[in-house]
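A.B. asks: Any chance you could fold what I've pasted below:
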Amino acid sequence: MRDEEKNRVSQPSKFKKFFRKRWVYPAVYLFSAAIILTAVLWFQGNSNDQANDKNNDQTVYDGSQDAVEVNSSVEEIAKPFANEDKMVVKTEFYDHSAKPEEQEEAIVFYNNQYHQNTGVDYAREDGKSFKVTAAASGTVTRAEKDPLLGYVVEVEHADGVVTHYQSLQDVKVEAGDTVKQGQALAKAGQSLFNKEAETHVHFEVRKDNNIVNPNEYFGKTVGSVKASEEAPVEEEQADDQKEDEKQENSSDEQDKQEESSSGQASAKLNA
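C.D. replies: This is a model prediction of the structure:
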């Protein structure tokens, strides 16, 4: 009996002695903290994985939807050709603020009249034809032959900006086509309006149907183009047509007068 009582007394005393040691409680604390921290990290990892899966499901690309071109207004306008080192300017843009000698170089003589050039005429130094390329991405709104200007192509861009190309041949696009910057539109050709330029491309930039100086916007964004105080393109063309009609009418009247006078003279001779 005494041995059993001794064992019962010795067991609690050993247990108490163990917890009286200084390192026991810190060890228990650290072990508990490690378990709690592991559980928290595991929970956060699962939450992030679920959130990522949800976001991926929402941003899956749908191929049936048309892509939206968001950078069209920030694209920089380029010249309508490659190999700039081989190109020359045949006729400059007529700038009302330019010097008189510069304005003289921007005049086109046609049908016994002087016309202010509404764009820039480019040609190769060797006179050969060359590829005419889109100055900026956009949609072709016009691609047709004009008896006076040659083949004409117009491309519409963002913010009411239109680039105009004339004196073309071998046109490779048609109205409704979407073109990228640098894409070939046609080849340079000739026109009756500016015969002196020979094989060339006439290039214009328009904003809200108003003519602007292309030289001011090369290397600048489409969205930076501002409408000038120049007369709208349609008004200028209408004025030119009126002048041509006046000249034709005056020449017709002169011919009629000459015919009548010659008829009167012949009648007198016969009499």
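
A.B. asks: ok, residue 93 - how many residues close by?
C.D. replies: The criterion is other Cβ atoms under 10 Å. On that basis, residue 93 has 23 neighbouring residues. In short, each C-beta sits where N, CA and C put it, glycine included.

A.B. asks: Residue 144 now?
C.D. replies: By other Cβ under 10 Å, neighbour count at residue 144 equals 12.

A.B. asks: what pairs with it across the strands?
C.D. replies: Taking DSSP bridges as the rule, residue 144 bridges to residue 152.

A.B. asks: That one reaches residue 151, doesn't it?
C.D. replies: Yes. Using Cβ atoms under 8 Å, residue 144 is in contact with residue 151, at 7.2 Å.

A.B. asks: check contacts around residue 176.
C.D. replies: Applying Cβ atoms under 8 Å, 6 or more residues apart in numbering to residue 176 gives the contacts 139-140.

A.B. asks: quick one, helices of the stretch 1-150 of the chain?
C.D. replies: With DSSP state H, counting those that start in this stretch as the criterion, the stretch 1-150 of the chain has helices at 2-19, 24-58, 100-104.

A.B. asks: ranking the ones you listed by mean pLDDT, which is last?
C.D. replies: Ranked by mean pLDDT, those bottom out at helix 2-19, with a mean of 55.

A.B. asks: what's the neighbour count on the nearest residue to residue 91 once chain neighbours are set aside?
C.D. replies: Distances taken as Cβ to Cβ, 6 or more residues apart in numbering put residue 121 closest to residue 91, at 4.0 Å, once the chain neighbours are dropped. Each residue near residue 121 was counted by other Cβ under 10 Å, and the total is 25.

A.B. asks: Hmm, residue 121 is touching residue 89, no?
C.D. replies: Yes. Counting by Cβ under 8 Å, residue 89 is a contact partner of residue 121 at 6.9 Å.

A.B. asks: Show me where this protein dips below the pLDDT cut-off.
C.D. replies: 1-25, 28, 46-72, 229-271 (pLDDT under 70).

A.B. asks: same thing but 90
C.D. replies: Within the chain, the set of residues satisfying pLDDT under 90 comprises 1-74, 227-271.

A.B. asks: For the spatially closest residue to residue 145 that is not a sequence neighbour, give me its contacts.
C.D. replies: In this structure, residue 145 finds its nearest non-sequential neighbour in residue 151, 5.1 Å apart by Cβ to Cβ, 6+ apart. Residues counted as contacts of residue 151 (Cβ under 8 Å, 6+ apart) are 143-145, 166-169, 171, 186, 189.

A.B. asks: if we go to 10 Å?
C.D. replies: Residue 151 is in contact with 132, 143-145, 165-171, 185-187, 189, 191, counting by Cβ atoms under 10 Å, 6 or more residues apart in numbering.

A.B. asks: Narrow those to those that are buried.
C.D. replies: Buried by 16 or more other Cβ atoms under 10 Å: 132, 143, 165-168, 171, 185-187, 189, 191, out of the contacts of residue 151.

A.B. asks: quick one: residue 140 and residue 173 touch, right?
C.D. replies: Yes. Assessed by Cβ atoms under 10 Å, residue 140 is found in contact with residue 173 at 4.9 Å.

A.B. asks: which residues in the stretch 51-200 of the chain form strands?
C.D. replies: Using DSSP state E, counting those that start in this stretch, the strands of the stretch 51-200 of the chain run over 87-91, 107-110, 113-116, 120-124, 131-133, 138-146, 150-156, 161-169, 178-179, 184-188.

A.B. asks: Adding distance to residue 34, write these out as a markdown table.
C.D. replies: Output for those, formatted as a markdown table (distance: least, Cβ to Cβ, whole Å):
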| stretch | distance to residue 34 |
| --- | --- |
| strand 87-91 | 75 |
| strand 107-110 | 88 |
| strand 113-116 | 86 |
| strand 120-124 | 76 |
| strand 131-133 | 68 |
| strand 138-146 | 64 |
| strand 150-156 | 67 |
| strand 161-169 | 66 |
| strand 178-179 | 62 |
| strand 184-188 | 69 |
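
A.B. asks: Now the nearest residue to residue 119 once chain neighbours are set aside: which helix or strand?
C.D. replies: Nearest residue to residue 119 in three dimensions, chain neighbours excluded: residue 204, at 3.6 Å (Cβ to Cβ, 6+ apart). Using DSSP states H and E, residue 204 sits within strand 201-207.
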